[in-house]
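Enquirer: Here is the input, now give the coordinates:
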Amino acid sequence: MPTITELEARLNAQRDVLKGLLQSLRPTSTTDAISASAATINLVRKQPPSPEKDAYLAEAKALRGIE
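Expert: The predicted structure follows:
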């Protein structure tokens, strides 16, 4: 059974990871926002075919002005 100190260390590590994720979701500039959007689109493209994937990519293309 883990000790309280070990549990605190795990919790702190998880908190740090979550803080990093939150910071990456809050772009600090337009360039950061565009980069985050492009990264998300690339991740979606790698997913298996599905109606949701097609709808997401169509919406993303429309928002970015891509035909």
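
Enquirer: what's near enough to touch residue 14?
Expert: Contacts for residue 14 (CB atoms under 8 Å, 6 or more residues apart in numbering) come out as none. Bear in mind the C-beta positions are built from the backbone N, C-alpha and C, glycine included.

Enquirer: can you tell me the helix or strand for it?
Expert: Residue 14 is part of helix 4-25 when elements are defined by DSSP states H and E.

Enquirer: Buried residues of that helix, list them for me.
Expert: Judged by neighbour count (16 or more other CB atoms under 10 Å), helix 4-25 contains no buried residues.

Enquirer: average pLDDT across that helix?
Expert: The average pLDDT within helix 4-25 is 79.

Enquirer: Over to stretch 52-67?
Expert: 76.

Enquirer: In it, which residues are buried?
Expert: For stretch 52-67, the neighbour count (16+ other CB under 10 Å) marks 56, 60 as buried.

Enquirer: Please work out which residues outside that stretch touch it.
Expert: 37, 41, 44-45, 47.

Enquirer: of those, closest to residue 18?
Expert: Taking CB to CB as the measure, residue 18 lies nearest residue 37 of those, at 21.4 Å.

Enquirer: which residues sit in contact with the closest one?
Expert: Counted by CB under 8 Å, 6+ apart, residue 37 has contacts 60, 64.

Enquirer: pLDDT averaged over the host helix or strand of it - what is it?
Expert: Assigned by DSSP H and E, residue 37 falls within helix 30-45. Mean pLDDT, helix 30-45: 74.

Enquirer: what's the angle between the helix holding residue 14 and helix 30-45?
Expert: 110 degrees (axes from the mean of the first three to the mean of the last three CA atoms, to 10 degrees).

Enquirer: ok, back up a step: from the chain's centroid, how far away is the helix holding residue 37?
Expert: Relative to its chain's centre, helix 30-45 lies at 9 Å (CA atoms, centre = their mean, to the nearest Å).
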